[in-house]
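**Q** what's the 3D shape of this:
(one chain, ligands or ions: 1)
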Amino acid sequence: ANNINTGIIRSQFPILQRMVKDKPLVYLDNAATTQKPQAVIDALVSYYTTCNANIHRGIHTLAEEATAAFEATRDAAQVFINAPSREEVIFTKGTTEGINLVAATWGRKEISAGDEIIISAMEHHSNIVPWQVLCEEKGAQLKVIPVNEIGELDMEVFHQLLSEKTKLVAVVHVSNALGTINPVKEIITAAHAAGAKVLIDGAQSAPHLDIDVQALDCDFFVCSAHKLYGPTGVGVLYGKKAILEAMPVFQGGGEMISEVTFEKTTYNELPYKYEAGTPNIADVIAFKAALDFIAVTGKQNIAQHEQVLLEAATRQLEEIDGLHIIGRAKNKASVISFVIDGVHPQDIGILLDNQGIALRTGHHCTQPLMACFGIPGTSRASFAVYNTLEETEKLTAGLRKAIKMLL
Ligand code: PMP
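**A** Alright, predicted model coming up:
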């Protein structure tokens, strides 16, 4: 029941051919960033080779071609998250910029002293710090949904935290550190009932789950292209049209304006109102090749394949003495975090790298979450569509070898 032919998939990712420390690369750091298929690399080269030009303003052929390609990515991204309209799809640098944009515009206008913003204990630093800064500035309060011992949100406490003071709930859809899939639909419904808006950090859900912002009914959704087989430096911010229209501007400059005089400036319509300056044209254009790759491969197929890898790796790692998996939520996606008695995660990372295996070690930009578990960090393996069962076995064998050397 697996529709992924990893041989065919892997042949599209040139980097997977390389050796690391004289061993074939086993890339298991996909939650940090995914590798890029040839089609994405080709799209970058093709843009610079054939139609490099600044977009939207030019009337010459190159400018028209570049503009069409850039806007075609917006259409593909709209389909990818099922946004009602292309005006609601704003290109950013990534998830981090998307969250900061919402904090600096919607937050600056809507949050005042005494208001409350709810986040969770498993947020990435990028979904903590912007809200902390905003709360400090406004005299608002940050509330945190706790995480239980298996790495799930304590939903009972969440419902208790919600009140008429709550203006925003900003939560991660899938945890990058634990793999937990959060019940965001329940969170959104309850938050709306309390009169609050909801931002979903989709950095880790967009690669693994079907995303339908209309079914979710979230007010904002953010994700990063580089975790979706696409280029770095590109992200998508979705916002409901009425909210985006009412928000103050983010950065001022070219493109985001309608008319400028020294007396008064009027702003461009959506989505351009939030896309000041020359954007990351090449990478946005190449992002479409990544979205096409995902569409052709099939999100369901990708998710199913990754689930097989996650279950196999979990079974194999559980058999290693002294290894503890951190995050045992019932619903998990593609991430397995663990600690080993008496072994520092960094030593694991180094010894596995010596075997060509790329893992992530450390706090994964979730220091408060690590504090909840009373640990400084974990080792983390995270899977993508091109990973194989042989690779989970290499991971297991690699870990056993590393432990033998360290203990
Ligand atoms: N949120 C989560 C859950 C993430 O995993 C990441 C990336 N590690 C981010 C936010 C930030 O994404 P970016 O660095 O692409 O802006």
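**Q** For the rest of this, base every contact and every neighbour count on C-alpha atoms.
**A** Will do.
**Q** Just the helices from the stretch 251-400 of the chain, written as ranges.
**A** Using DSSP state H, counting those that start in this stretch, the helices of the stretch 251-400 of the chain run over residues 281-297, 299-318, 345-353, 367-372, 389-406.
**Q** So the protein: which segments form each domain?
**A** 6-30+298-406, 42-295 (automatic domain parsing).
**Q** Pick the most buried one from the helices of the stretch 251-400 of the chain.
**A** Highest mean neighbour count of the helices of the stretch 251-400 of the chain: helix 281-297, a mean of 22 (counted as mean count of other CA atoms under 10 Å).
**Q** Check which helices and strands that one sits against.
**A** helix 38-46, helix 61-81 (3 or more CA pairs under 8 Å, 6 or more residues apart in numbering; DSSP states H and E).
**Q** my guess is residue 108 contacts residue 133, does it?
**A** No. Residue 108 lies out of contact with residue 133 (CA atoms under 8 Å); the separation is 10.7 Å.
**Q** More neighbours: these two, which one.
**A** For residue 108 versus residue 133, the count of surrounding residues by other CA atoms under 10 Å is larger for residue 108: 17 against 14.
**Q** Return the residues of the stretch 51-200 of the chain in contact with the ligand.
**A** With the criterion set to CA under 6 Å from any ligand atom, the stretch 51-200 of the chain comes near the ligand through 94-96, 124, 126, 172, 175-176.
**Q** swap in the stretch 201-350 of the chain?
**A** So the stretch 201-350 of the chain meets the ligand at 201, 203-204, 224 (CA under 6 Å from any ligand atom).
**Q** nearest spatial neighbour of residue 389, skipping sequence neighbours?
**A** Leaving aside its sequence neighbours, residue 389 sits nearest to residue 309 (CA to CA, 6 or more residues apart in numbering; 6.1 Å).
**Q** From residue 14, how far off is that neighbour?
**A** 22 Å (CA to CA, to the nearest Å).
**Q** And for residue 331?
**A** According to CA to CA, residue 331 stands 32 Å off from residue 14.
**Q** Repeat that for residue 63.
**A** On the measure of CA to CA, residue 63 and residue 14 end up 31 Å apart.
**Q** remind me which residues of this structure are low pLDDT?
**A** 1 (pLDDT under 70).
**Q** Please identify the residue most distant from the middle of it.
**A** No residue in the chain sits farther from the centre than residue 263, which is 40.5 Å out by CA atoms, centre = their mean.
**Q** Torsion angles phi and psi at that one?
**A** As for residue 263, its main-chain torsions (degrees, to the nearest 10) stand at phi -80, psi -40.
**Q** same check, this time on the one 5 residues further on
**A** Reported as degrees, to the nearest 10, the phi and psi values for residue 268 are phi -70, psi 160.
**Q** Which stretches in the stretch 201-350 of the chain count as strands?
**A** 220-224, 235-239, 257-260, 265-267, 323-326, 335-340 (DSSP state E, counting those that start in this stretch).
**Q** Rebuild those strands as a markdown table, extending it with mean neighbour count.
**A** Output for these, formatted as a markdown table (neighbours: other CA atoms under 10 Å):
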| stretch | mean neighbour count |
| --- | --- |
| strand 220-224 | 28 |
| strand 235-239 | 27 |
| strand 257-260 | 14 |
| strand 265-267 | 14 |
| strand 323-326 | 19 |
| strand 335-340 | 23 |
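**Q** which one of those strands lies closest to residue 152?
**A** Residue 152 lies closest to strand 323-326 among these, at 11.1 Å (CA to CA).
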